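*Asks:* Quick one, structure for this:
(one chain, ligands or ions: 1)
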Amino acid sequence: MLPYQTVFFDLDGTITDSQPGIYACAVYALEKMGYPIPDDRTLRRFMGPPLAESFANFCGMTEEEAIRASNFYRERYNPIGWKENRVFSRIRQLLCELKKRGAYVAVATGKPQASAEKILAYFGLTQYLDCIAGPQNGEFHISKAELIRRAMPENAGRCVMVGDTVGDVMGAKECHVDSVAVLYGYGENAEIIASHPTHVAETEDDLCNILCPEMEKGKGYFVTLEGVDGCGKSTQAAMLKAKLEQFGYTVHRTREPGGCPLAEEIRKLLLAKEDGGMCPETEALLFAAARAQHIHQVILPKVAAGEIVLCDRYVDSSIAYQGDARGLARAWIMEINRVALTKGMPSATLYLRMTAEEAFRRRLAESEPDRIEQMGLSFQQKIEQGYEQLMAEFPHRFVPVDATKKPDEVAEEAFAKLFERMNREGIL
Ligand code: TYD
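*Replies:* Predicted coordinates for the structure are as follows:
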């Protein structure tokens, strides 16, 4: 049984952290206006009050300048800035669990209703909400209490308002509902505590304990990225990590060969230009040895701790490179990689699909090839065939992504496919 049957959430500073977008847009506007960029403490004060007021009060602009600065701010905020939000960790899971256990879940925000709806939809959170209440067009000075009243259902049961500012706590008191003051947002902590909220949550975990004490730790997830040399994996891994973090996930990015000190030492042997006549079997065994260490020391513990592990290459690389391209028997590759196959298989493998010819062309223009890359085009073609075969064999695990598009578009496709899958599998 939940302690509260109706839960109202503030948005900014409670569900999402809008600071990165607000800072970036304020800096953009100040640069356009030729004004110096103030320190972080001053920028922090932009969170909350109307924009033009902030430019006038904190940067010393005239009224006319402040209006121009606000227009520059919006020039960046409307297309990009609003997406530079971050969902606080565990909040996605909390909203889902509250809904699943029958609570009425609403957002009562001072942000215009249309913007709040857009942000919540973008982050895939609308599905967990019964109501979003924010100021409508033309409503300027609407109180938190009025927003709570608007969002209040019939038969509300015990109610609580969760927020990071004094306004949230006072609004709750006015409506005779309990309140949780969260200290992980950007409200002034001393002030909010002095307003006597019913509960104080220092961290997202505290909030989960107050609202849904039986909720378990989030599930981890293991994702690998694969593709021929030069398909753009490293760029994509970095972009994917940033995006997952924005959506509230804790992500550990790693790579193979490597990912922990011992495996990084093995990596040096494997990728050195002078290989001392390394034979294919030695090569395969070294990749497998590095992997065994990586699995035990990093991958399994991180997944068990509820993190998303994003690994650049994994056992499929050994099958495609040492098996299909070097010509070693697949069954033997599987045998020496038994730890991976039995204890540590990824839930999803993003396959950045690009032909060997295309990747080869792109790579020639870029960097000096390492020992494996020096093998040439026909070697890469065998790897490509190996991956295509793996994709046909493991259609549920392999998630193909068209890697020939622009990096931003590839990232969008990769994230959309992964996020859809994680939602389906209850990875929140
Ligand atoms: P790296 O510089 O990390 O290349 P990439 O960015 O393409 O991953 O080098 C890793 C090289 O090792 C790459 O050519 C693929 C190869 N490799 C194997 O041959 N077998 C394996 O099991 C793994 C993990 C990598």
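
*Asks:* you'd agree residue 394 is up against residue 347?
*Replies:* No - with contact defined as CB atoms under 8 Å, residue 394 does not count as touching residue 347 (11.6 Å). C-beta here means a position set from N, CA and C on the backbone, and glycine is covered the same way.

*Asks:* Which one's more surrounded, these two?
*Replies:* Of the pair residue 394 and residue 347, residue 347 is the one with more neighbours under other CB atoms under 10 Å, namely 20 against 13.

*Asks:* Wait, that one touches residue 224, no?
*Replies:* No - judged on CB under 8 Å, residue 347 makes no contact with residue 224 at a distance of 9.3 Å.

*Asks:* residues in contact with residue 297?
*Replies:* Taking CB atoms under 8 Å, 6 or more residues apart in numbering, we find residue 297 in contact with 260, 262.

*Asks:* what about the strands in the chain?
*Replies:* 6-9, 16-17, 86-87, 104-108, 131-133, 159-163, 178-182, 199-201, 221-226, 251-255, 308-312, 348-353, 398-402 (DSSP state E).

*Asks:* out of everything not next to it in sequence, what's closest to the residue positioned nearest the centre of the chain?
*Replies:* Nearest to the mean C-alpha position of the chain, by CA atoms, centre = their mean, lies residue 244 at 1.6 Å. Using CB to CB, 6 or more residues apart in numbering and skipping the chain neighbours, the partner closest in space to residue 244 is residue 251 (4.9 Å).

*Asks:* go on, residue 315?
*Replies:* Counting by CB to CB, 6+ apart, residue 315 lies nearest to residue 340, which is 4.4 Å off, once chain neighbours are set aside.

*Asks:* do residue 422 as well
*Replies:* The shortest distance from residue 422 to any non-neighbouring residue, by CB to CB, 6+ apart, is to residue 221 (6.3 Å).

*Asks:* didn't residue 65 look like it was pressed against residue 71?
*Replies:* No - applying CB under 8 Å as the test, residue 65 and residue 71 come out as separate, 10.8 Å apart.

*Asks:* which one of those two has more residues nearby?
*Replies:* More crowded of residue 65 and residue 71, by other CB under 10 Å: residue 65, with 16 against 13.

*Asks:* what's the burial count for the closest residue to the more buried one other than its chain neighbours?
*Replies:* Setting aside the residues directly before and after it, residue 65 is nearest to residue 33 in space (CB to CB, 6+ apart), at 6.6 Å. Look at residue 33: counted by other CB under 10 Å, it has 16 neighbours.

*Asks:* How much space separates residue 33 from the ligand?
*Replies:* Using CB to the nearest ligand atom, to the nearest Å, we find residue 33 at a distance of 42 Å from the ligand.

*Asks:* check contacts around that residue.
*Replies:* Residues counted as contacts of residue 33 (CB under 8 Å, 6+ apart) are 61, 65, 68, 69, 72.

*Asks:* cool, residue 266 as well?
*Replies:* Contact analysis of residue 266 by CB under 8 Å, 6+ apart lists 257, 258, 286, 289, 290, 293.

*Asks:* swap in residue 133?
*Replies:* 106, 107, 108, 109, 113, 147, 148, 150, 151.

*Asks:* Tell me which residue of this protein is furthest from the middle?
*Replies:* In the chain, residue 277 marks the outermost C-alpha relative to the chain mean, sitting 43.0 Å out by CA atoms, centre = their mean.

*Asks:* From the ligand, how far off is that one?
*Replies:* Distance, residue 277 to the ligand, using CB to the nearest ligand atom: 17 Å.

*Asks:* Equivalent analysis for residue 270, please.
*Replies:* Using CB to the nearest ligand atom, residue 270 is found at 6 Å from the ligand.

*Asks:* Break the protein down into its structural domains.
*Replies:* If you go by automatic domain parsing, the domain ranges for the chain are 6-15+85-211, 19-83, 221-424.
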